[in-house]
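S.K.: Fold the following.
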Amino acid sequence: MQYRAEQSEVDVLDIKEMEKDLEGTRAALRRRGDIPGLDVVLDLSEKRKGIITRVQSKQEERNAINQKMKGASKEDIDAKREEMRTLSSSIKEDEAILRDLEEDLNERLLSIPNLPAA
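M.R.: Take a look at the predicted model:
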């Protein structure tokens, strides 16, 4: 089972593979000793998924507003543009949070040792 993913020039544990077989990952890492950062990594991964879902939902909402603007009156278009600006700003904020979280997650993944051979 491959638990590493290539990322730029750094070899990082693949969180998706770890989550697929969480108990197997924990058991393998226990053979290496206590790995205190594992639970933090898994929590960050869950937060990351939540933010991604939230961003995607907002993007879908923005796209729906954009579709409604086609054929709308000038007043409706102006109101919808303001709504889209607000939504776009919120998306950018969430994307910035996501970037920071992903950097933190990747840093923490680097502190987790390779899984021992079976």
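
S.K.: where in the chain is pLDDT low?
M.R.: Regions of the chain meeting the criterion pLDDT under 70 cover residues 1-12, 118.

S.K.: Leaving out chain neighbours, which residue sits closest to residue 102?
M.R.: residue 48 (6.4 Å; C-beta to C-beta, 6 or more residues apart in numbering). No exception for glycine: its C-beta is placed from N, CA and C like everyone else's.

S.K.: where do the strands sit along the chain?
M.R.: Remark: strands assigned in the chain by DSSP state E are 4-7, 10-13.

S.K.: number of nearby residues for the closest residue to residue 98 other than its chain neighbours?
M.R.: Spatially, and ignoring its direct neighbours in sequence, residue 98 is nearest to residue 51 (4.8 Å; C-beta to C-beta, 6+ apart). By other C-beta atoms under 10 Å, 16 other residues sit near residue 51.

S.K.: I figured residue 51 hits residue 94, correct?
M.R.: Yes: applying C-beta atoms under 8 Å as the test, residue 51 and residue 94 come out as touching, 5.8 Å apart.
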